[in-house]
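[1] Here's a sequence, model it:
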Amino acid sequence: MTSNLHLSIKHLLVLLFGSITLLAALPAYWYVDHIYAAQLIRDRGESLNDAAKAVAAVLATNLQERQREIYLLAQSNLFRSAQLNDTELRAVLDRAKASFPQYSWMGLADVDGVVRAATGGILLGKNVQARPWYSNGLKQGYSGDLHQAVLLAKLLPPEPGGAPLQLIDFSEPVQDSHGATRGVLGAHVNWNWAASVLQAMQPSNAAQAHLEILIVNRDNTIIHPQKTGADAVSPASLNSKLSFSQDEWADGVSYVSSTVPVLDGKSDRTMGWRIVVRQPVEEAFQGLRSIQEVLLITAVISGTIFLALVWWGAVLISNPLKELAAHARSIEQGNETQPLTAPSSARELRDLVQALQSMSGTLMQRKNALAQSNAVLEQTVTARTAELVRSNEELHRLSRRDALTGAFNRLAAKERLHAEFARMKRAQIPYAVLMMDIDYFKRVNDTFGHDTGDKVLQAVARVLQIHLRETDFLARFGGEEFIALLPNTELHSASEVAEKLRSTVALAPSATGHPVTLSIGLAMATPNDASEDDAVHRADDFLYRAKNAGRNRVASTELV
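    All right, here's what the predicted structure looks like:
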């Protein structure tokens, strides 16, 4: 009977853990084959979507910059008042064209559609009344879709390889000081511009990963890079509202692709362009089969080793139990002096033998152990209470700090404002409030990404903390907005501090590579204020005045 029990324990443990191993391995293999594969496609699709968004944003920014350049030229005093054939107009156009190498032609046509000034003298005197850039530009700013050059095809240098010259048009109406239309300022941008943008945005491993970035027009035709045949037509799924999709394209290859629209120079409409980033599904699944093979081999090897260890552990458990049972039978037969022993290092088995040998001794030990446990518990409670107090103090401190910049947060600012207001009411000690906002911060996030935006916030906070006085208080009040309290400070001194902060931030190095500036609103708290928020509201009003006055300046009652 003993031998059968011994064998049953070992075989039961091996069977149990063997079943657990199998049940654990099969879901893992199924997960890799199904769930992980689907997750892989989702992750890759989201990655492609992020890349498509980045490229679309860069293209949109370039379009907006070109449209804005034409707009600013059209609004300049020279274009509004000079004779349309003035030589200075042509000089300005030539300089503007040289500032952006991808400008193929820039010109100014009068209200009859006759070109009066143009870069290089090209099309001078020609009538362009029928051209879309002219007819649309008479009414409002215009961004034209990609098209082959018509009038300029034979007048400009040929494209490399004899490719047809393709252009994008931008135009703006030119008006005199009374608002009457004088003509249309137009510019043609060479489509090679898109190739340079996509080349700059191309990931370093794009060729190895067979990753392609395409520009597709509203007809689902790939307009960059130029393709011919069936592959020039995108699948119907490009019209899907999903951020990415998995489809078979016209070339017979299944791709994971993401599509993002590109906004043109006017933010309320689009040219119908979309950025498509695609990768063959086979590339997206690369390595999945290897993972499955490695998982299978690893499961077999580890399962074998695991079962061997289980067998060895079962032997270590069953042998001491066998000897303990033999000693118990000896005592049962009358050998009461026979000690209950078991050659095992297992604490549970030793505790069982000791409990059987001395019941009363164990009860006394439990009583003493209970008293000792109570003392330890009291010490533990005392220590944990002190630790909780310290934790609460640390939590109180952290709850009043901004995690990104290290400056105080809005809650701490509210508390300090309340304290300063009460001190002013009690002791008639003035204080100043500075509301500071980073200029064009949204443009930083849109152009360089939120990581760069975070670095800009941190850098500005460091500059402000360094150059504020020791008695001053700084807090991050909102997204890109900071508040500073200057206790015991008159208006003149507060103005000097504000101007110092503004100029120091403007001169400080920036993570964007371009100067970062502040607009600052300054207000003094007065005893006539009903609450501490009154001075903050006034400072906020002055901040908006500084914004409206051109930014990078301080606005206060001194300027009113």
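
[2] ok, now how distant is A38 from I331?
    64 Å (C-beta to C-beta, to the nearest Å). For every residue, glycine as well, the C-beta is placed using N, CA and C.

[3] higher neighbour count, the two?
    Using other C-beta atoms under 10 Å as the criterion, A38 and I331 rank with I331 on top: 14 against 9.

[4] who's in contact with the nearest residue to D454 once chain neighbours are set aside?
    Nearest non-adjacent residue to D454, counting by C-beta to C-beta, 6 or more residues apart in numbering: L404, 6.0 Å away. Contacts for L404 (C-beta atoms under 8 Å, 6 or more residues apart in numbering) come out as 454, 457-458, 476.

[5] And the buried ones among those, selectable in ChimeraX?
    In ChimeraX, a selection of the buried entries from the contacts of L404 looks like this (16 or more other C-beta atoms under 10 Å):
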select :457,458,476
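
[6] Filter the contacts of L404 down to just the ones in strands.
    Counted as lying in strands by DSSP state E, out of the contacts of L404, are R476.

[7] From the contacts of L404, pick the one nearest Y440.
    L457 (13.5 Å; C-beta to C-beta).

[8] where along the stretch 351-500 of the chain do the helices fall?
    Counting by DSSP state H, counting those that start in this stretch, the stretch 351-500 of the chain has helices at residues 359-398, 410-427, 441-448, 450-467, 491-507.

[9] Put together JSON lines for these, with mean pLDDT and distance to E283 on each row.
    Listed next are these as JSON lines, based on pLDDT from 0 to 100; distance: least, C-beta to C-beta, whole Å:
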{"stretch": "helix 359-398", "mean pLDDT": "64", "distance to E283": "46"}
{"stretch": "helix 410-427", "mean pLDDT": "94", "distance to E283": "48"}
{"stretch": "helix 441-448", "mean pLDDT": "92", "distance to E283": "30"}
{"stretch": "helix 450-467", "mean pLDDT": "93", "distance to E283": "28"}
{"stretch": "helix 491-507", "mean pLDDT": "94", "distance to E283": "47"}
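
[10] Which of these sits closest to L543?
    Taking these one by one with C-beta to C-beta, helix 491-507 is closest: 10.9 Å.

[11] With V505 as the reference, measure out to the residue nearest to the spatial centre of the chain.
    Geometric centre of the chain, nearest residue: H450, 5.0 Å, by C-alpha atoms, centre = their mean. As judged by C-beta to C-beta, H450 and V505 stand 20 Å apart.

[12] Near Q39, how many other residues are there?
    12.

[13] Give me the three-state assignment for it.
    helix (DSSP: H, G, I helix; E, B strand; the rest coil).

[14] Who are the contact partners of it?
    Q39 neighbours (C-beta under 8 Å, 6+ apart): none.

[15] any idea how far it is from V281?
    Q39 is 14 Å from V281, by C-beta to C-beta.

[16] Same question for D541.
    From D541 across to V281, the span is 57 Å (C-beta to C-beta).

[17] A149 against L167, yeah?
    Yes: between A149 and L167 there is a contact under C-beta atoms under 8 Å: 5.4 Å.

[18] Of those two, which one has the most company?
    L167 (23 against 19).

[19] and that one, bridged to which residues?
    Beta bridges link L167 to H147, N190, judged by DSSP bridges.

[20] which SS class is the residue of the chain positioned farthest from its centre?
    Here the centre of the chain is the reference, and by C-alpha atoms, centre = their mean the most remote residue is G334, at 80.8 Å. Three-state assignment for G334 (three-state DSSP): coil.

[21] for A117, phi and psi?
    Dihedral angles of A117 (phi, psi; degrees, to the nearest 10) stand at phi -150, psi 140.

[22] Can you name the residues bridging to it?
    L108.

[23] Return the per-residue confidence for it.
    What the model reports as pLDDT for A117 is 91.

[24] surely it meets L84?
    Yes: counting by C-beta under 8 Å, A117 does reach L84; the two are 6.3 Å apart.

[25] who has more neighbours, the two?
    Between A117 and L84, A117 has the larger neighbour count (other C-beta under 10 Å), namely 27 against 17.

[26] Distance check, A38 against G45.
    For A38, the distance to G45 equals 10 Å [C-beta to C-beta].

[27] meant to ask about H514
    From H514 to G45 the distance is 34 Å (C-beta to C-beta).

[28] Now do the helices in the stretch 101-250 of the chain.
    Under DSSP H, counting those that start in this stretch, the stretch 101-250 of the chain gives helices at 132-137, 192-201.

[29] Tell me who's in contact with the residue nearest to the centre of the chain.
    Per C-beta under 8 Å, 6+ apart, neighbours of H450: none.

[30] So if I had to pick from D541 and V281, which one is more boxed in?
    Between D541 and V281, V281 has the larger neighbour count (other C-beta under 10 Å), namely 18 against 13.

[31] wait, what's in contact with the more buried one?
    Shown in contact with V281 (C-beta under 8 Å, 6+ apart): 41, 246, 254-256.

[32] Among those, show me the least confident.
    Q246 (68).

[33] about what we covered before: just the helices of the stretch 101-250 of the chain: most buried one?
    helix 132-137 (a mean of 20; mean count of other C-beta atoms under 10 Å).

[34] name the helices or strands packed onto that helix?
    Helix 132-137 is packed against strand 142-143, strand 166-175, strand 181-190, with contacts defined by 3 or more C-beta pairs under 8 Å, 6 or more residues apart in numbering; DSSP states H and E.

[35] and those as JSON lines, adding mean pLDDT?
    Formatted as JSON lines, those follow (pLDDT from 0 to 100):
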{"stretch": "strand 142-143", "mean pLDDT": "86"}
{"stretch": "strand 166-175", "mean pLDDT": "90"}
{"stretch": "strand 181-190", "mean pLDDT": "92"}
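
[36] would you list every one of the strands in the stretch 151-300 of the chain?
    Counting by DSSP state E, counting those that start in this stretch, the stretch 151-300 of the chain has strands at residues 166-175, 181-190, 212-216, 222-224, 245-248, 254-263, 270-280.

[37] what do you get for the stretch 1-150 of the chain?
    Per DSSP E, counting those that start in this stretch, the stretch 1-150 of the chain carries strands over the ranges 103-110, 115-118, 142-143, 147-148.

[38] Out of those, flag the one nearest I301.
    For these, the distance to I301 is smallest for strand 142-143, at 63.3 Å, taking C-beta to C-beta.
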